[in-house]
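*Asks:* A structural model of the following input is requested.
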Amino acid sequence: MKLISLKLIVFSIFFLSLVTITDVSAQQSVAQHVLRVSSSPNILYISGAGIYDEGTVVNIDKVPETWQEYKFAGWKIDGTWTNENPISIKMDKPHTVEAVYTKLDGTGSILIDAIPRVTEITIDGTIYLPDELPLSFDWPTGSEHTLIISDVVKQTPNTRHKFDSWKDLNQETQRTITVDEKSHNFIALYKTQHFLKPISQYGTVMGGGWQDQGSSVNFELESDVVTDKKNDNIRYAFNSWDLGDYLNSPTNIIDVSEPIAVRANWDEQYKLDLKTNIPDYTPFGVGWYDKGRQVALIAEESIISENSDVQYAFEKWISKGPNPVIIPNALETSTTITMDEPYVIEAKYKKAFLVNVWTSFGSAVGSGFYPEGSTARITMSQSEIIVDPNKIKKIFSGWDTHGAPTTNFGSEYEIEDPDIAAVQNLLLPVNGPINITANWKTQYYLDVQSAEGKVEGSGWYDLGRLVPVSAKLPSTPPGMWSRTVFDKWEGDYNEASPNGRIMMNQPKTVIAEWKEDSTPAIVNSLILGSVGCVALLIYNKTRNGKLSFIKSKKPFTVNEQEGNFDKFFNTRTRSFDTSKQSSFVPSKPKFIKKIIGWLLDK
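*Replies:* Alright, predicted model coming up:
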């Protein structure tokens, strides 16, 4: 139990300490203001003075209307009069409160005075100086009198007293009063004013002039930046005030307790104008800078245009304009200068254009950025691409420069006709972005096949080409009884003629077909049959081998017949030397006619 109680005590102390610290922190975070309370002249003590949190309402007790030989004239709160008694003060700022009393001199029932006694008063045409105040008169009830006072009384060149109102709240500097039983005191109340003089070398200050003593006055600059009247590249920027609650703000507040001169401090600034030869691009650093300040110049190393077809590479910084400046490390993208005058500086860039080479097949060398005015060399690494072996291939057919001028290799003359750029290598003067397209044409393979004979037409051909094909046998003699002849084409071409034309719109294969022809057998059979018939007729006519002619005057003997037959048919004993032998068959047509007639029994 003792242990538990000890823990509770420690916890309670810790909790209370936290609460106390929290309360102190909360109190310290609330703004506080001073309230000063006194009587003028200092004839009695008035309670209420002290330090109060902002927003607190302080009630001041009622003061007596008379105190000894003094009569209460009114409250003066921060230089402003009020007839209320008692009064309440809201602590929204520091306040000074005075209970003003006037000394009773004289024995009259009508009192005339001024607080403070700084003005002369003219009563019914008689002038009374401030030293003669206060005044008392015994005027009969119902009588009328004229009072005249000064509206403003100068104390010093920068301090004055300004009429506020009479104690009865009448605000006329010349008034006519009627004496009655209620009105006995006519006191002119003045407030003290000091001159607030904001001084500024540039621009205009609003809020200066005569200000009530004890008041908090706002004043501000019409503009915190003022351009020089002679040079638009020079301006003056507000820096600070030398007095006031907000020294670094163009709008300031100051408590007026005496004449005050407030000075505005300004910084002289110069304009730094940065330019480039790149559209819509400005390097970092453009703006206004205080005189003597070091400023960093920073530019991009390289910039690509929005369309990615122009590239800018940083070259150097250049001083331009009426005020030259030495730029250290002018070839670097980052450097510094000292602002002693307005400057115009250009970041100069080299321009390069994109030469874009596009090819659907193979690879082209030479695409990229080229400096303006240079020459681009474009080369196609391959002029022939096999897409499908022995079927389809692509053949480079030249460049499409889209109107860009070209130059032949080794030529210094410009070629304006883009169609001439059909060579595999190309030169182009680069004066802007260029698009180059490689043109390719399609070729198909025609495969002409044959098991026999000879065929022609195989090879690669452009799309749409009409290709002649032919088939023929070698120059060998036909056989005795048959021969091989062309039949037809098969595959991707179906025709019966050995010579034809094929349209190349795809890879094609054609095969020549052959067949056996029996025409030689028929012809040879007829020839052999004819020979046999002739031989048989000759045999019959010769009577079992003995030759006999019709109308022969002298018959042959057996030996003669046998000898003639052998001579006629026996080729083994015949001599082909016609120069030594006499022809058996006469060459004369008449003789041949006789033989045919003999064979046919005519």
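*Asks:* Flag the shaky bits of this protein, pLDDT-wise.
*Replies:* 1-28, 68, 104-108, 408-423, 474-482, 518-525, 532, 534-535, 537-602 (pLDDT under 70).
*Asks:* would you list every one of the strands in the stretch 101-250 of the chain?
*Replies:* 110-115, 121-123, 126-128, 135-137, 144-149, 152-156, 159-166, 174-178, 185-200, 205-206, 209-212, 216-221, 225-227, 234-241 (DSSP state E, counting those that start in this stretch).
*Asks:* Just give the nearest non-adjacent residue to residue 473, would you?
*Replies:* Spatially, and ignoring its direct neighbours in sequence, residue 473 is nearest to residue 453 (4.4 Å; C-beta to C-beta, 6 or more residues apart in numbering). No exception for glycine: its C-beta is placed from N, CA and C like everyone else's.
*Asks:* mind checking how far residue 220 is from residue 260?
*Replies:* Distance, residue 220 to residue 260, using C-beta to C-beta, to the nearest Å: 15 Å.
*Asks:* picking that back up, counting neighbours, what do you get for the residue nearest to residue 473?
*Replies:* For residue 453, the neighbour count with other C-beta atoms under 10 Å is 15.
*Asks:* and it, what does it touch?
*Replies:* For residue 453, the contact set (C-beta atoms under 8 Å, 6 or more residues apart in numbering) comprises 471-474, 484, 486, 512, 514.
*Asks:* among the strands of the stretch 101-250 of the chain, which is nearest residue 254?
*Replies:* If you check each of the strands of the stretch 101-250 of the chain against residue 254 by C-beta to C-beta, strand 216-221 wins as the nearest, at 5.8 Å.
*Asks:* who does that closest one touch, helix- and strand-wise?
*Replies:* strand 185-200, strand 205-206, strand 251-255 (3 or more C-beta pairs under 8 Å, 6 or more residues apart in numbering; DSSP states H and E).
*Asks:* out of those strands, deepest packed?
*Replies:* The highest mean neighbour count among those, using mean count of other C-beta atoms under 10 Å, belongs to strand 185-200: a mean of 20.
*Asks:* Show me what it is packed against.
*Replies:* For strand 185-200, the packing partners by 3+ C-beta pairs under 8 Å, 6+ apart are strand 70-77, strand 80-82, strand 110-115, strand 159-166, strand 209-212, strand 216-221, strand 260-276.
*Asks:* Let me know the angle separating it from strand 110-115.
*Replies:* Strand 185-200 and strand 110-115 are oriented at 10 degrees to each other (axes from the mean of the first three to the mean of the last three C-alpha atoms, to 10 degrees).
*Asks:* how distant is strand 185-200 from the center of its chain?
*Replies:* Strand 185-200 sits 63 Å away from the centroid of its parent chain (C-alpha atoms, centre = their mean, to the nearest Å).
*Asks:* tell me the angle it makes with strand 152-156.
*Replies:* Between strand 185-200 and strand 152-156, the angle comes out at 60 degrees (the same axes, to 10 degrees).
*Asks:* Strand 185-200 pairs with which strands?
*Replies:* strand 110-115 (parallel), strand 159-166 (antiparallel), strand 209-212 (antiparallel), strand 260-276 (parallel) (DSSP bridges).
*Asks:* for these, which one sits closest to residue 390?
*Replies:* strand 260-276 (58.9 Å).
*Asks:* Tell me what angle that closest one forms with strand 234-241.
*Replies:* Using the same axes, to 10 degrees: strand 260-276 against strand 234-241 is 140 degrees.
*Asks:* Please report how far residue 389 lies from residue 460.
*Replies:* 12 Å.
*Asks:* Show me which of the two is the more surrounded one.
*Replies:* More crowded of residue 389 and residue 460, by other C-beta under 10 Å: residue 460, with 17 against 8.
*Asks:* Can you pull out the residues in contact with the host helix or strand of the more buried one?
*Replies:* Secondary structure from DSSP states H and E places residue 460 in strand 459-462. Contacts with strand 459-462, where a contact means C-beta under 8 Å, 6+ apart, come from 393, 395, 441-446, 467, 504.
*Asks:* Show me what it pairs with in its sheet, parallel or antiparallel.
*Replies:* By DSSP bridges, strand 459-462 pairs with strand 434-450 (antiparallel).
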